[in-house]
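*Asks:* have a look at this prediction, sequence included:
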Amino acid sequence: MSNVISEANWKFHWRLTESAGIMIYLADYRGRRVLWEGSLPYVTIDHQHETLEVEGDPGDVHGPWWVPLGTRTLQGPVRVQSFRGGVELSAAFAAGPYNYTQLWRFHDDGRLCPWLTIYGPGIHDQHTYHPHWRFDFDLDGARHDAFERFEDKRWQRVEHEGWFPYSGEADDHGNVWRQIDFGSGAAINIRPHSWDDAEVFAVRYHDGEWAPYSPRSAAGVQTFPAAYVGDEPLDGDDVTLWYVAHVHFSQSFPYTAGPWVKVSGLGA
Amino acid sequence: MKAAKIANKHPKPAPARSGKTPLPRAAKPAATTADPDVTKADPKLFDPLTPGEIADALRTLTEDRRLGTMAKVGRYRVICTEPLVVKPPHWMAGHRLVRVVAFDYAADRTVEACVDLDAGVVAHLELTQAQPMLSRDEEALAVSIAMVDDRVRGQLEMGDVPQSTLHYWGRSPDDLAFARRSAAVVFGRSDGHASIVAVVDLLENIVTQVVPAELW
């Protein structure tokens, strides 16, 4: 099976990684570069204890854990399927009581859906999943980009690196964050799933800050991507975005986490 | 083999960061400079590594004098080798690069390297306290250690088998797994029901905790 797909106005490459699921790279929409590389570096899982006693609540006794989504946990082949108005890749991963289906869906209208369906019982009900997606968008080139978030009823420019949780505010299309290319005026719009409790980390791109092979940076310090966040300016540079969802397990599972991403301004 | 020397005249000005050190890079172009053309990147550079490329990268890495002690002691594991593609205008853009991650048990540290196969050198090397994912060997080792532990054996129920092995770290400094490389082995029935969790310290190769799954 070829790892280059040209369909639905998209041309992109894919490869199965050791730990970050299916990675998409060098993705073009209508012949214009949109994405250098996108992947799902990890899904961490936290456990909680159910108690009604506030004073006696020990909090989270244990730390998080995770297992790589990659060749060692893949169940069956990576599937490439066309659907009406687009094409999608999907792969199932299993690690004991945790099961995932990773999806990359490409729509002919410029939408891109990096999603993760989460299912399986876990070791008990009180647990929360934290899927982390990393996107290195190169909209019409790597530099001359800006990052904005929708706040106080309008789009506001973000000047420095940081952590930007979804506050409940969104534009008329539900978009909360966007990356804009100064040169072309094209934009990547990001709309979170309402129940993802999502947040975005915006970090200036640096060689050496590739998708890490673990969320764990060192004992007692911030995990990635928070450990990458400093105070560097973003305006006019190359920006890397991390989308993180926080999904508490419930009996209504399976649940599909992940944003809608829409490319706009690249013309017909 | 002599390692590549990289001039680092433009370090990243981010003292607040506790994360990884960025790769030394070319100077940031002035605002009027044309955007380096990332659209001309060669997709083949992203292709999976061949067995020969992996061997080449590991030979180059273990011959690097900065890792002489690690290679000599031989108490390390290669966690992962994957292709790496650097964007222009970096001087390594267009080179066939390999990202190698190893864990050095003797020094309790992670080795992360970028090996330039075209130049035959270790172009970038980081020695950190980060904890990379578990290697397949470590997963298997954790299971074998847990399976012979008396406390684990005493709590296993009929039909319990190792379900999965996860990379784990403790939240509190009181937890041995807070700073030490650890794995959590989940035991349970084949229908998915988990029974116990055994935490294995991979530096000492011992089980440090056995917890009923419902209390995890």
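*Replies:* Yes, it's here. The shown structure was predicted, so the numbers you read here are calculated from the model rather than taken from an experiment.
*Asks:* quick check, central residue of chain B?
*Replies:* Centroid-nearest residue in chain B: residue B:132, 3.4 Å away (criterion: Cα atoms, centre = their mean).
*Asks:* kindly report the same for chain A.
*Replies:* residue A:133 (2.6 Å).
*Asks:* find the closest residue to chain A in chain B.
*Replies:* Using Cβ to the nearest Cβ, the closest approach of chain B to chain A is made by residue B:164 at 2.7 Å. (Glycine included, C-beta is placed from N, CA and C.)
*Asks:* residue contacts, residue 151?
*Replies:* Just so you know, I chose chain A. With contact set as Cβ atoms under 8 Å, 6 or more residues apart in numbering or on different chains, residue A:151 has these partners: A:167, A:169.
*Asks:* my bad, the chain I had in mind was chain B
*Replies:* B:198, B:207, B:210.
*Asks:* 7 Å instead, please
*Replies:* Residue B:151 sits next to B:207, B:210 when contact means Cβ atoms under 7 Å, 6 or more residues apart in numbering or on different chains.
*Asks:* so it sits in a helix?
*Replies:* Yes. According to DSSP: H, G, I helix; E, B strand; the rest coil, residue B:151 belongs to a helix.
*Asks:* which SS class is the closest residue to residue B:73 other than its chain neighbours?
*Replies:* Closest residue in space to residue B:73, ignoring its immediate chain neighbours: residue B:106 at 4.7 Å, by Cβ to Cβ, 6 or more residues apart in numbering or on different chains. For residue B:106, the assignment made with three-state DSSP gives coil.
*Asks:* surely residue B:106 meets residue B:74?
*Replies:* No. Contact criterion Cβ atoms under 7 Å: residue B:106 and residue B:74 do not qualify, at 8.6 Å.
*Asks:* can you show me the helices along the stretch 51-200 of chain A?
*Replies:* Counting by DSSP state H, counting those that start in this stretch, the stretch 51-200 of chain A has no helices at all.
*Asks:* kindly report the residues of it close to chain B.
*Replies:* A:60, A:62-63, A:65-68, A:72, A:95-97, A:120-121, A:123-124, A:138, A:141-144 (Cβ under 7 Å from any Cβ of the partner chain).
*Asks:* PyMOL command to pick out the buried ones of the residues you listed?
*Replies:* Restricted to buried positions by 16 or more other Cβ atoms under 10 Å in any protein chain shown, the PyMOL selection for those reads:
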select buried, chain A and resi 62+63+65+66+67+68+72+95+96+97+121+123+124+138+141+142+143+144
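*Asks:* which of the residues of the stretch 51-200 of chain A next to chain B fall in strands?
*Replies:* Residues of these located in strands (DSSP state E): A:65-66, A:95.
*Asks:* let's have those in a markdown table, adding distance to residue A:227 and pLDDT.
*Replies:* Formatted as a markdown table, those follow (distance: Cβ to Cβ, whole Å; pLDDT from 0 to 100):
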| residue | distance to residue A:227 | pLDDT |
| --- | --- | --- |
| A:65 | 18 | 94 |
| A:66 | 16 | 94 |
| A:95 | 24 | 90 |
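*Asks:* which of those sits closest to residue A:191?
*Replies:* residue A:66 (26.1 Å; Cβ to Cβ).
*Asks:* tell me the secondary structure at the nearest residue to residue A:133 once chain neighbours are set aside.
*Replies:* Among residues not flanking residue A:133 along the chain, residue A:243 sits closest, at 4.5 Å (Cβ to Cβ, 6+ apart). Three-state assignment for residue A:243 (three-state DSSP): strand.
*Asks:* ditto for residue B:59
*Replies:* helix.
*Asks:* number of residues surrounding it?
*Replies:* 12 (other Cβ atoms under 10 Å in any protein chain shown).
*Asks:* same question for residue B:47.
*Replies:* Look at residue B:47: counted by other Cβ under 10 Å, it has 15 neighbours.
*Asks:* gap between it and residue B:136?
*Replies:* Relative to residue B:136, residue B:47 is positioned 22 Å away (criterion: Cβ to Cβ, to the nearest Å).
*Asks:* remind me which residues of the chain are low pLDDT?
*Replies:* Just so you know, I chose chain A. A:1, A:50-60, A:267-268 (pLDDT under 70).
*Asks:* please refer instead to chain B.
*Replies:* Along chain B, the model assigns pLDDT under 70 to residues B:1-36.
*Asks:* which parts of it are strands?
*Replies:* Using DSSP E, strands in chain B cover B:76-84, B:97-104, B:109-116, B:121-128, B:161-168, B:182-188, B:194-201, B:206-212.
*Asks:* just say which of the ones you listed is most tucked in.
*Replies:* Burial of the strands of chain B is given as mean neighbour count (mean count of other Cβ atoms under 10 Å in any protein chain shown); strand B:182-188 ranks first at a mean of 25.
*Asks:* that one and chain A, are they touching?
*Replies:* Yes. Strand B:182-188 comes into contact with chain A (Cβ under 7 Å from any Cβ), by way of B:184, B:186, B:188.
*Asks:* can I get the CA coordinates of the longest strand along chain A in PDB?
*Replies:* If you go by DSSP E, chain A has its longest strand at strand A:32-47. Extracted in PDB, the C-alpha atoms of strand A:32-47 (Å, rounded to 0.1, in the frame of the first residue of the first chain):
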ATOM      1  CA  ARG A  32      -0.600  24.400  -1.100                       C
ATOM      2  CA  ARG A  33       1.400  23.200   1.900                       C
ATOM      3  CA  VAL A  34      -0.600  22.900   5.100                       C
ATOM      4  CA  LEU A  35       1.100  20.500   7.500                       C
ATOM      5  CA  TRP A  36       4.700  19.600   7.900                       C
ATOM      6  CA  GLU A  37       4.000  16.900  10.400                       C
ATOM      7  CA  GLY A  38       1.200  15.800  12.700                       C
ATOM      8  CA  SER A  39       1.000  12.900  15.200                       C
ATOM      9  CA  LEU A  40      -0.400  11.700  18.500                       C
ATOM     10  CA  PRO A  41       2.700  11.400  20.700                       C
ATOM     11  CA  TYR A  42       0.900   9.900  23.600                       C
ATOM     12  CA  VAL A  43      -2.200   9.200  25.600                       C
ATOM     13  CA  THR A  44      -1.600   9.300  29.300                       C
ATOM     14  CA  ILE A  45      -4.100   7.900  31.800                       C
ATOM     15  CA  ASP A  46      -4.700   9.100  35.400                       C
ATOM     16  CA  HIS A  47      -6.700   7.200  38.000                       C
END
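*Asks:* great, nothing more from me.
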